[in-house]
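S.K.: I would like to see how this sequence folds:
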Amino acid sequence: MRESILVKILKYGIYAMALVPLVIFKDFISPFHFGKVVVFRSIIDVLFVFYLVLVWHNRSYLPSRNLIFWSVGVFTAVFGLTTLTSIQPYDSFWGYLERMGGFWSFLHYFAYFIILTSVFRNKEDWTRLINFALFVGFLSALYGFGQKTNNSFFVGSGGRGRIFGTIGNAALFAGYELIIAFLALTLFFSKDRISGWGRIFYATVFLASSIALLMTATRGAILGLAIGVFTFFTLYMVLNKSRKLRTAFIWVVTFIIAAVFVSQIFKDSKFITGSRYLVRVTDFSFSSYTVQTRFWAWEAGLKGWQESPKTILLGWGPENFNIPFSKNFNPNFYVGPGSETLFDRAHNMFVEILVTMGVVGFAAYVAIFYFLLRSLWRLLWHKLRENLKDEAIYYAGLFSLIVAYIIHNFFFFDTSANFILFFTVLGLISFLSSGTNNIHELSRTSKKLASSQVLTTIVLLVATAILIYKTNIIPSKANYATTRAIVRGWGNDPVGAMEKFKESVAYNNFGTYEYRHRYAMFTFDNYSKLGGNAYMLDVISEVEKNAESHPIDYLPHLYLARLNIVLGKDDPSSEYNDIALVHARKAIELSPTFVRAYYETGQIYLNKKEPQNAIEEFKKAAELQPDVGASYWYWGSVEAEMGNLDEAARVFEKAFTTKYSYMASDAELLKIAGLYVDRKNFSMLANIYERLMTLQEPNPQNHATLSYVYAQLGRINEAVEQARKAVSLDPSFEAEAKIFVNSLGREW
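M.R.: Numbering: from 1, shown residues only. Predicted structure coming up:
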């Protein structure tokens with residue numbers, strides 16, 4: 001094997017990396033992240049073997065060691081250090097299934113950066129790679145546009161409000177397309193032998209990626225795009241002192257400012273409120289729920305960061321943001337069943353790094369951006385002084401790209417596709433910063449590898465194949481087994497599903513934590529179909545392993561409490577109720593303000609026939625988050641069972657009048673209606689029957705009852721309207737309705 005063959009393998013491997021953002025494993029858990037990472041890691045593992053042999057053969061292929069290289073290298077080292085000191089080192093190293101992060105994956109991004117900056121030594125190589133990456137970004141944008149259709153070819157299609165392309169999340173997709181847009185913009189304005197077709201290509205990619213970004217309705221990315229474009233054209237005007245360009249730029253900026261101003265004036269108009277997209281992108285209020293959840297998550301993380309000198313210095317460990325988030329959980333996150341109450345990321349890369357890697361990691365992370373901007377700024381003004389404006393445009397474009405990306409990362413985080421493209425940009429800036437005079441001259445000859453080098457290559461490739469099997473293939477089998485379990489469950493084959501869940505957890509790889517919890521949820525939901533307790537006991541033993549391996553994580557204890565509640569529900573003296581109580585108390589100890597844990601504890605006391613204790617738990621939940629009606633409903637239900645009907649009526653009323661009122665079923669509403677009939681509480685009866693109207697088919701009796709209730713409240717016009725609706729549904733009501741309406745002083 002010759003040196004030139006190794007170089008070709010590495011270059012083509014790098015080109016293959018540009019395709020990874022298009023990878024989707026649609027039949028897997030985390031279909032948009034899992035497949036990308038296992039494919040990326042597998043290819044990099046193989047490429048790194050060839051790279052090591054190449055460097056052994058010719059040391060001139062070592063990467064250029066400039067400030068960008070060292071800043072990325074130092075951050076990678078800090079990533080490793082904080083993994084070693086992590087509160088949960090295993091998770092910091094391997095990451096979690098949903099995001100596929102962790103130190104092991106990050107090492108592969110760094111390896112990609114090293115290979116990239118070592119073998120791409122001329123402008124032609126970089127132009128070819130960037131063009132290929134732009135084409136892939138364009139395809140991802142087109143895929144996103146397809147998600148607005150009902151074509152099943154596009155995963156996530158069906159008239160989707162916010163597209164996410166091949167990236168799987170609207171905000172992540174926006175970050176990816178943000179980089180694509182600025183690369184295309186930069187190359188469009190460069191004058192480096194670009195043909196007319198080339199300019200059309202770059203213009204098309206820029207427009208497509210910008211439109212795709214806007215269709216994600218991700219405000220942080222839109223802000224990044226706007227400020228980035230403003231930065232770019234400001235620098236471009238400095239490079240090209242054109243009066244026409246300056247005038248056009250002023251008009252564009254004026255238009256944008258005017259559009260923002262007008263959108264705020266008319267944000268309550270039907271035109272705006274009639275579109276979910278326009279409502280989202282015109283909402284700049286810090287009080288909006290989405291913005292508030294970000295602030296709450298950052299606040300929880302920062303409280304955790306300040307917990308000890310160790311967490312301040314080195315953080316909780318990569319991938320462990322969920323731990324300080326849970327310890328300092330803000331009950332306002334809980335707005336009822338289905339609430340998002342677990343943030344595994346801070347949705348702000350700077351807060352994320354500070355909380356999980358401490359001051360050391362934060363300084364290393366910020367240093368990367370500092371040296372990127374510093375290098376680009378110096379090169380920009382160096383080219384400007386030398387009157388090399390055509391070359392300076394590259395630095396202006398990349399400088400604007402980094403500014404835009406920093407803004408985006410202040411509101412979100414990075415995953416696989418974003419990291420691959422961002423590390424490509426890092427490599428490009430490192431190449432431009434080194435300058436052709438500082439890049440090692442490569443040998444023009446292509447010598448054969450020594451026999452020992454060939455043998456070493458074979459041995460390393462065999463070892464790498466085993467590594468890939470252990471770290472990528474086996475996790476893929478486990479992941480696929482889990483989705484087969486889910487599919488069997490959909491097919492009404494719960495026993496078959498349980499067997500596949502057993503298979504998935506038996507692989508015992510880094511995704512097993514999530515698989516066990518999915519196994520637990522399925523067993524909990526299908527307990528009545530499984531017959532007997534054997535499956536429940538088996539899944540409990542699996543979740544206990546999660547509790548043992550994650551001693552400061554409340555979630556396994558919450559699952560164990562729920563599972564044991566099911567086993568103890570028919571026997572107040574059952575040991576399972578006592579076991580459930582131990583786990584519920586542990587969950588509360590680890591996350592004292594987590595509302596759901598108090599619900600589980602209340603249910604345990606109901607199992608144990610200790611209703612007063614159950615009431616105390618539901619009261620605590622209500623005190624933690626007084627705006628959620630579910631807590632009052634559970635509390636009121638126990639009061640009613642105990643015969644405390646006046647108190648039950650008072651508490652039930654809160655369940656329906658809080659900000660996030662309880663969504664009762666029609667049976668539940670009818671069950672409590674009598675409480676308010678006896679107490680002549682017509683306001684609550686109106687509330688109950690109005691809700692009932694939305695849950696049941698039109699019923700003349702309901703309309704007749706509501707007519708009477710409205711009359712008692714003095715809402716005469718509405719009473720008449722309801723009486724007429726009752727008659728329209730059943731004419732036999734007409735005679736009685738006429739008498740009733742006339743008694744109200746109205747003509748029928």
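S.K.: Need the nearest residue in space to V7, chain neighbours excluded.
M.R.: In this structure, V7 finds its nearest non-sequential neighbour in V119, 5.8 Å apart by CB to CB, 6 or more residues apart in numbering. In short, each C-beta sits where N, CA and C put it, glycine included.
S.K.: meant to ask about I180
M.R.: Looking at I180 with CB to CB, 6+ apart, the closest residue is G137, at 3.3 Å.
S.K.: Now do that neighbour against L455, distance only.
M.R.: According to CB to CB, to the nearest Å, G137 and L455 sit 41 Å apart.
S.K.: the more surrounded of the two?
M.R.: G137 (28 against 11; other CB atoms under 10 Å).
S.K.: show me where pLDDT drops low in the stretch 401-550 of the chain?
M.R.: For the stretch 401-550 of the chain, residues meeting the criterion pLDDT under 70 lie at 435-446.
S.K.: The host helix or strand of V253 packs against which elements?
M.R.: Applying DSSP states H and E as the criterion places V253 in helix 243-265. Here helix 243-265 touches helix 219-239, going by 3 or more CB pairs under 8 Å, 6 or more residues apart in numbering; DSSP states H and E.
S.K.: Enumerate every residue touching V155.
M.R.: Counting by CB atoms under 8 Å, 6 or more residues apart in numbering, V155 touches I24, K26, P31, F32, Q147.
S.K.: Go again with 7 Å.
M.R.: Contacts for V155 (CB atoms under 7 Å, 6 or more residues apart in numbering) come out as I24, K26, P31.
S.K.: With K26 instead?
M.R.: V155.
S.K.: what do you get for the one 3 residues further on?
M.R.: Taking CB under 7 Å, 6+ apart as the criterion, I29 is in contact with L97, N479, T482, T483.
S.K.: can you pull out the helices in the stretch 451-600 of the chain?
M.R.: 451-468, 474-490, 494-506, 512-525, 527-530, 534-549, 554-568, 575-590, 595-607 (DSSP state H, counting those that start in this stretch).
S.K.: Can you tell me how far L235 is from L376?
M.R.: Distance, L235 to L376, using CB to CB: 10 Å.
S.K.: Could you do E299 as well?
M.R.: With CB to CB as the criterion, E299 and L376 are 34 Å apart.
S.K.: Just want to know which of the two has more residues nearby.
M.R.: A count of neighbours by other CB under 10 Å puts L376 above the other of E299 and L376, at 23 against 14.
S.K.: Nearest residue to the more buried one in space, ignoring adjacent ones along the chain?
M.R.: Leaving aside its sequence neighbours, L376 sits nearest to F399 (CB to CB, 6+ apart; 4.3 Å).
S.K.: Who are the contact partners of that neighbour?
M.R.: By CB under 7 Å, 6+ apart, F399 lies in contact with L235, L373, L376, W377, L380.
S.K.: What is the host helix or strand of the third one packed up against?
M.R.: Remark: L376 resides in helix 349-385, with elements defined by DSSP H and E. Packed against helix 349-385, as judged by 3 or more CB pairs under 7 Å, 6 or more residues apart in numbering; DSSP states H and E, are the following elements: helix 67-84, helix 289-305, helix 309-314, helix 389-409, helix 416-434.
S.K.: let's see it at 6 Å
M.R.: Helix 349-385 is packed against helix 67-84, helix 289-305, helix 309-314, helix 389-409, with contacts defined by 3 or more CB pairs under 6 Å, 6 or more residues apart in numbering; DSSP states H and E.
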